[in-house]
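Peer 1: model the following, please.
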Amino acid sequence: MRQAIVFLEQQSWLGGGQRVLEATIDTIAGDYDCIVAFPDSGSFRSALEQRNLETLDFPIGNYQPGRKSWLEMAVFAWRSLYCGLRLAVFIRRRRIALVYINGPRCLPAGVLAAWLTGRTAIFHLHLILTRKSELLLVRVLSSRVSRILACSNAAASSLVGSHRRLHAKTQVVYNPLRQHRDRRLSWHSELTSRSPQNHFMIGVVGRITESKGHHLLLQAIARLPLEVRNKLRILFVGSEAPGCESDLQYARKLQTEASRQGLEKQIIWAGFQPDPGPCYASMDVLVHPALAEAIGIAILEALDRGIPVIAARTGGIPEVVRDGFNGLLVSMEDEDALCQALALFVKKRRLRERLQAGARCGLDRRFSMETFSSAIRTVIGQLCPLVNSPEPQAPAVRTEQW
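Peer 2: Residues are numbered from 1 along each chain as shown. Below is the predicted model of the structure:
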C-alpha cells in the first residue's frame with residue numbers, strides 16, 4: 001500500500017499558489033496517494049477531480065484580504081480548531097503519512113492535526129508576510145512543522161528573520177515555469193493583436209485586488225505627457241476572487257478611474273483566462289506594480305516569452321528581474337518612478353531593445369520544472385519514504401465530506 005499525503009489548500013479557484021500545488025502533485029502522484037482538502041467548491045477543485053484526484057471538504061472559511069476584525073479572527077480561530085480536530089480523525093482513519101500545508105491560512109488547523117496524530121508536516125509559503133500579528137502567529141506555528149518551503153529568498157526572510165530554528169528547516173524552492181505552447185488567442189479584439197507601429201501594449205496579469213497595484217499603473221499613466229499616453233494600450237488579464245467583496249469594489253474603482261481618465265478605448269479587460277499564455281502574444285511589456293510580491297508567476301511567464309518587465313522593487317521580484325537588463329525596477333514609494341519608467345520605455349528605443357534582448361535570454365534553471373520537481377521529490381522522500389509495493393489501479397473520483 002502506498003503512502004498517502006493530504007494537501008491543505010486555502011482556496012478552491014486557480015491562482016499562483018494553486019498552480020504550484022498542481023506542479024507539486026504532478027511531481028509525486030506516481031509514487032504517493034494524493035488527497036487535496038479545499039474550503040469549498042471551485043474551478044481548481046473541479047479540475048483536480050476531473051483528473052481522478054481525491055478531494056476533501058476543509059471548511060476553513062473564505063479568504064478576505066485586508067485587516068480582520070476581532071469577530072473575524074475569533075471565527076477563524078474556531079474554524080481552525082474544528083478543522084484541525086476533524087482532520088486529525090481523517091488522518092488516523094486513512095493512515096495519512098504526511099500533511100502538506102499550502103498557505104498560512106491552513107497552518108493552524110494543519111499543525112494541530114499533525115501534532116495530534118504525530119505526523120510530519122510541510123509548510124509551503126507563497127507570499128511575503130507583512131502584518132506583525134500574522135507574522136508572529138505563523139512563526140510560532142512554523143516551529144511545529146518539519147520543513148518550510150519558500151518560493152523566494154524574500155518570502156523566506158519575511159518569515160524566518162533572525163530565528164535560527166526556523167532558518168535551519170527552511171528551504172527556498174522557486175516556483176516552476178511549465179513549458180508554454182503558442183496558440184491562437186481564445187478571444188478577439190482589435191487591442192489583442194500586436195500594437196500598431198509606434199504604439200505599445202502594456203500587459204498586467206494577475207488577480208484584480210488592491211495589493212497587485214493596478215491603480216498605481218492608472219495613476220502613473222495619468223501623469224504621462226499626452227503624446228506618450230496616446231501611444232499606450234493596456235491589457236488587464238485577471239479577475240476578482242470569487243465571492244470577495246473587496247475585490248469587486250476595487251474592480252469598480254479601477255473602471256471608474258479609467259473612465260475618468262478617458263482611457264476606455266485604450267483598455268481591454270480580458271477577465272480570468274484559464275491559460276493566460278496566448279495573451280502574452282500581444283504585449284510589448286509586462287507591468288507588475290504589486291505592493292508586496294513573493295515572486296510573481298506572471299513575471300516568469302513574460303520573461304520566458306522574451307517580454308521585458310517593469311515592476312516594483314519589492315519582495316522577491318529583484319531575484320528574477322535584473323534592473324536595466326531584462327526589465328526596470330521602480331520604487332513604489334516614489335509616486336513618479338513608475339511614470340518615468342513607462343516614459344523611458346516608450347521614448348528610448350535603445351533601452352527598449354536592450355531590455356527585450358535581456359528578456360529573450362529567458363530564465364535560469366532555478367525556475368525550471370526539473371529543478372522544482374527534484375527539490376520536491378527530495379524533501380518529500382526524506383520526510384515520507386516510499387514503500388515498495390505494486391502499482392494500484394487509478395481510483396475513481398472520490399470527494400469525502402466531514
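
Peer 1: ok, then the element right after the lengthiest helix in the chain?
Peer 2: Scanning the chain for the helix with the most residues, using DSSP state H, yields helix 70-94. Later in the chain than helix 70-94, the nearest helix or strand by DSSP states H and E is strand 98-102.

Peer 1: what is that next one packed up against?
Peer 2: strand 4-9, helix 16-28, helix 107-117, strand 120-125 (3 or more Cβ pairs under 8 Å, 6 or more residues apart in numbering; DSSP states H and E). C-beta: built from backbone N, CA, C; applies to glycine.

Peer 1: show me what that strand is in contact with.
Peer 2: The contact list for strand 98-102 (Cβ atoms under 8 Å, 6 or more residues apart in numbering) reads 3, 5-10, 17-18, 20-21, 24, 87, 91, 107, 110-111, 113-114, 119-124, 126, 145, 380, 383-384.

Peer 1: could you rerun that using 6 Å?
Peer 2: 5-9, 21, 107, 110, 114, 119-124, 384 (Cβ atoms under 6 Å, 6 or more residues apart in numbering).

Peer 1: name every strand pairing with it and say which way it goes.
Peer 2: When pairing is defined by DSSP bridges, strand 98-102 lines up against strand 4-9 (parallel), strand 120-125 (parallel).

Peer 1: now those in a markdown table, with mean neighbour count?
Peer 2: What follows is the strands paired with strand 98-102, written out as a markdown table (neighbours: other Cβ atoms under 10 Å):
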| stretch | mean neighbour count |
| --- | --- |
| strand 4-9 | 25 |
| strand 120-125 | 24 |
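
Peer 1: any chance of those in JSON lines with distance to Val173 and mean pLDDT as columns?
Peer 2: Converted to JSON lines, the strands paired with strand 98-102 look like this (distance: least, Cβ to Cβ, whole Å; pLDDT from 0 to 100):
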{"stretch": "strand 4-9", "distance to Val173": "15", "mean pLDDT": "97"}
{"stretch": "strand 120-125", "distance to Val173": "8", "mean pLDDT": "97"}
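
Peer 1: for Val173, what are its contacts?
Peer 2: Counted by Cβ under 6 Å, 6+ apart, Val173 has contacts Leu149, Ala375.

Peer 1: an error on my part: the question was meant for Ala341.
Peer 2: Applying Cβ under 6 Å, 6+ apart, we find Ala341 in contact with Ile310, Leu328, Val330.

Peer 1: the first one falls within a strand, correct?
Peer 2: Yes: assignment of Ile310 by DSSP: H, G, I helix; E, B strand; the rest coil places it within a strand.

Peer 1: before we move on, back to that, the longest helix of the chain versus helix 107-117: what angle between them?
Peer 2: Here helix 70-94 runs at an angle of 40 degrees relative to helix 107-117 (axes from the mean of the first three to the mean of the last three Cα atoms, to 10 degrees).

Peer 1: what is helix 70-94 packed up against?
Peer 2: helix 107-117 (3 or more Cβ pairs under 6 Å, 6 or more residues apart in numbering; DSSP states H and E).

Peer 1: does Arg366 touch Asn175 like I think?
Peer 2: No: with contacts defined as Cβ atoms under 6 Å, Arg366 does not count as touching Asn175, sitting 9.5 Å away.

Peer 1: more neighbours: which of those two?
Peer 2: Ranked by neighbour count (other Cβ atoms under 10 Å), Arg366 and Asn175 place Asn175 first, with 23 against 16.

Peer 1: mind checking the SS state of that one?
Peer 2: coil.

Peer 1: show me the contacts for it.
Peer 2: Taking Cβ under 6 Å, 6+ apart as the test, what Asn175 contacts is Val20, Cys151, Ile295, Ile297.

Peer 1: for the last one, which non-adjacent residue is closest in space?
Peer 2: In this case it means Ile297. Spatially, and ignoring its direct neighbours in sequence, Ile297 is nearest to Gly16 (4.6 Å; Cβ to Cβ, 6 or more residues apart in numbering).

Peer 1: from Pro278, how far out is that neighbour?
Peer 2: 18 Å (Cβ to Cβ, to the nearest Å).

Peer 1: phi and psi next, for Leu329.
Peer 2: phi -110, psi 130 (degrees, to the nearest 10).

Peer 1: report the contact partners of it.
Peer 2: Contacts of Leu329 by Cβ under 6 Å, 6+ apart are Arg313, Val321, Asp323.

Peer 1: phi and psi next, for the first one.
Peer 2: When quoted as degrees, to the nearest 10, the phi and psi of Arg313 stand at phi -80, psi 80.

Peer 1: residues near it, how many?
Peer 2: 16.

Peer 1: with the second one instead?
Peer 2: When counting by other Cβ under 10 Å, one arrives at 27 neighbours for Val321.

Peer 1: how close does it sit to Gly110?
Peer 2: In terms of Cβ to Cβ, Val321 sits 33 Å off from Gly110.
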